[in-house]
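Engineer: Provided below are the primary sequence and the corresponding predicted coordinates.
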Amino acid sequence: MGWFFKFINSSIGKKITMAVTGSFLLIFLVIHLVGNITLFFGADIFNGYVKTLDVVKPMIRVIEAVLLAAFLIHIFNGVRLWIENKIARGVTYKVNSSSENSDVFSRTMFLTGSIVFIFLVLHLATFFWRFNFYDPAGLADSHLYYDIVVSFFSDWWYSLLYVVAVMLLGFHLNHGFQSAFQTFGWNHKKYMPLIKKLGTIFAIIIAIGFASMPIYFFFFHGGN
């Protein structure tokens with residue numbers, strides 16, 4: 001196993017780990033968005049969807065554990081790469097303007113990723129915690145998950161924070177999408193322009209898709 005740890009701690013190993021875990025998280029975002037779209041079809045549809053997930057809760061718990069591991073590994077490697085890049089650039093980096101060597105998406109990956117992480121912690125402490133562990137109003141026990149969503153998105157500060165966070169998530173994904181293709185070696189100059197466009201489209205869909213939910217509930221379900 002020594003060769004394996006040596007590989008994942010190498011520069012290319014860390015980039016591949018970032019690409020693999022990032023790709024896994026991209027798939028989760030798509031599935032999560034598709035599931036959350038049921039919110040727009042009313043309480044019965046959304047509550048029924050979440051209740052269905054309760055039936056396969058043991059499997060969901062396994063998936064959540066894998067997701068948590070992927071997310072933590074992604075963060076850990078992201079921080080390591082950011083620190084190493086800062087050290088590698090050193091003083092000579094001042095000679096060459098960063099704007100001439102990279103785009104704004106790549107330069108802000110650490111910042112956007114950090115803000116998204118902070119929001120994710122808050123998100124888990126609200127929706128996930130209320131859905132699964134502590135719901136003083138008893139809505140989850142009664143399978144009234146829709147009402148929990150309405151209660152959170154009725155608060156202007158949470159809705160605003162949610163929208164800002166998913167916009168930054170889209171910003172983060174725009175670079176991460178194409179970066180994964182480059183890491184896997186799928187960056188032929190003939191196809192890379194298309195990959196970049198697909199990455200931008202994907203990021204916009206994810207950002208607008210998630211942002212539409214708090215906007216909808218705040219303005220059409222009595223935000224305060």
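Structural biologist: Sure thing, it's come through.

Engineer: all helices for the chain, in order.
Structural biologist: Assigned by DSSP state H, the chain shows helices spanning 2-8, 11-36, 43-55, 57-89, 98-101, 104-107, 109-123, 129-132, 145-153, 156-183, 192-220.

Engineer: Could you check how far the last one is from the centre of its chain?
Structural biologist: Think helix 192-220. Between the centre of helix 192-220 and the centre of its chain there are 12 Å (Cα atoms, centre = their mean, to the nearest Å).

Engineer: Now it: buried residues?
Structural biologist: Within helix 192-220, the residues that count as buried by 16 or more other Cβ atoms under 10 Å are 195-196, 199-200, 202-203, 206-207, 209-215, 217-218. Bear in mind the C-beta positions are built from the backbone N, C-alpha and C, glycine included.

Engineer: Does Ser154 touch Phe219 like I think?
Structural biologist: No - counting by Cβ atoms under 8 Å, Ser154 stays clear of Phe219, with 10.4 Å between them.

Engineer: what sits in contact with each of the two?
Structural biologist: Shared contacts of Ser154 and Phe219, defined by Cβ atoms under 8 Å, 6 or more residues apart in numbering, are absent.

Engineer: Run through this protein and note the low-pLDDT ranges.
Structural biologist: 1, 89-107, 137, 185-188, 222-224 (pLDDT under 70).

Engineer: The same query, at a cut-off of 90, please.
Structural biologist: 1-26, 28, 50-68, 70-145, 148, 151, 168-199, 220-224 (pLDDT under 90).

Engineer: Pull out the buried positions in stretch 18-37.
Structural biologist: 18-26, 28-29, 33, 36.

Engineer: Check stretch 62-71 too.
Structural biologist: So for stretch 62-71, counting by 16+ other Cβ under 10 Å, buried means 70-71.

Engineer: So what touches that stretch?
Structural biologist: Contacts for stretch 62-71 (Cβ under 8 Å, 6+ apart): 21, 24-25, 28, 120.

Engineer: repeat that with 10 Å
Structural biologist: Residues outside stretch 62-71 that contact it (Cβ atoms under 10 Å, 6 or more residues apart in numbering) are 17, 20-25, 28, 31-32, 56-57, 117, 120, 124, 128, 132.
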